[in-house]
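Undergrad: Fold the following, please.
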Amino acid sequence: MAKWNANDIADQKGRLVVITGATSGIGLEAARVLAGKNASVIIAARNTNKAEAVSGGIREEFPAADISVRELDLTSLKSIAAFADSILADFDRLDVLINNAGIMACPFAKTADGFEIQMGTNHLGHFALTGRLMPLLTAGETPTRTGLHGFGVRLAKPRRERSRHLPMGFVGTGGSQGCNRRRPLHLQPSNLQGRRNRAA
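TA: Numbering: from 1, shown residues only. The predicted model follows:
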């Protein structure tokens with residue numbers, strides 16, 4: 001049986017796609033392929049100069065590509081709000097949100113809002129972004145939200161000890177990335193309100 005590849009993707013004309021971290025790696029390839037399949041693609045990136053260079057390269061390959069760049073810094077809730085507000089103002093639906101951006105094994109630092117930077121970028125930032133864009137996602141014909149940055153580690157078993165294969169001070173993430181797929185259910189406002197009521 002032949003393996004599935006990008007050539008098997010159906011025409012995406014009329015679908016709006018937002019991709020975070022699309023200036024390299026999987027995000028860039030997703031933007032390239034989906035733009036080539038006629039989707040309207042928005043690259044959400046902190047480094048807009050780099051993103052513009054990427055979008056320019058995609059237009060060279062696909063002259064008719066509908067691809068644009070908007071600034072988004074996942075380490076800042078203010079930036080996330082501004083980005084989401086601009087999407088809400090300009091569109092009446094969002095068909096696909098690809099939460100691809102992520103950092104790993106970085107020195108200790110904090111986001112603009114005081115969260116540890118890897119947790120803030122990979123998890124909290126995307127959670128806040130998805131929540132703000134949810135009205136448009138639910139308005140899409142076949143809304144899709146996916147997170148890609150955890151695939152490299154999601155199959156590992158949870159572990160507490162530091163691996164000798166990882167830099168000093170860095171512990172294996174194990175299955176922590178996989179919890180992103182469950183967190184939205186547990187943190188829905190209705191569920192949180194129910195927990196507060198039971199605790200009262």
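
Undergrad: ranges for the strands of the chain?
TA: 16-20, 40-45, 66-71, 96-99, 144-147 (DSSP state E).

Undergrad: Could you tell me the least trusted of those strands?
TA: Mean pLDDT is lowest for strand 144-147 out of the strands of the chain, coming in at a mean of 54.

Undergrad: List the buried residues for stretch 22-30?
TA: 22, 23, 26, 27, 28, 30 (16 or more other Cβ atoms under 10 Å). C-beta: built from backbone N, CA, C; applies to glycine.

Undergrad: Now do the same for residue 60: its pLDDT.
TA: The model's pLDDT for residue 60 equals 98.

Undergrad: What distance do you get for it to residue 36?
TA: Residue 60 sits 12 Å away from residue 36, going by Cβ to Cβ, to the nearest Å.

Undergrad: who's more crowded, these two?
TA: Neighbour count, other Cβ atoms under 10 Å: between residue 60 and residue 36, residue 36 has more, with 18 against 9.

Undergrad: hang on, isn't the more buried one packed against residue 63?
TA: No. Taking contacts as Cβ atoms under 8 Å, residue 36 lies outside contact range of residue 63: 10.8 Å.

Undergrad: Just list the residues touching the residue lying closest to residue 83 once chain neighbours are set aside, thanks.
TA: Computed as Cβ to Cβ, 6 or more residues apart in numbering, the closest residue to residue 83 that is not its neighbour in sequence is residue 72, at 4.3 Å. Residue 72 makes contact with 20, 44, 45, 46, 79, 80, 83, 129, according to Cβ atoms under 8 Å, 6 or more residues apart in numbering.

Undergrad: right, and out of the residues you listed, which lies closest to residue 14?
TA: residue 44 (20.2 Å; Cβ to Cβ).

Undergrad: For that closest one, list the residues it contacts.
TA: Contacts of residue 44 (Cβ under 8 Å, 6+ apart): 18, 19, 20, 21, 22, 70, 71, 72, 83, 101.

Undergrad: which among the residues you listed end up buried?
TA: Buried among those by 16+ other Cβ under 10 Å: 18, 19, 20, 21, 22, 70, 72, 83, 101.
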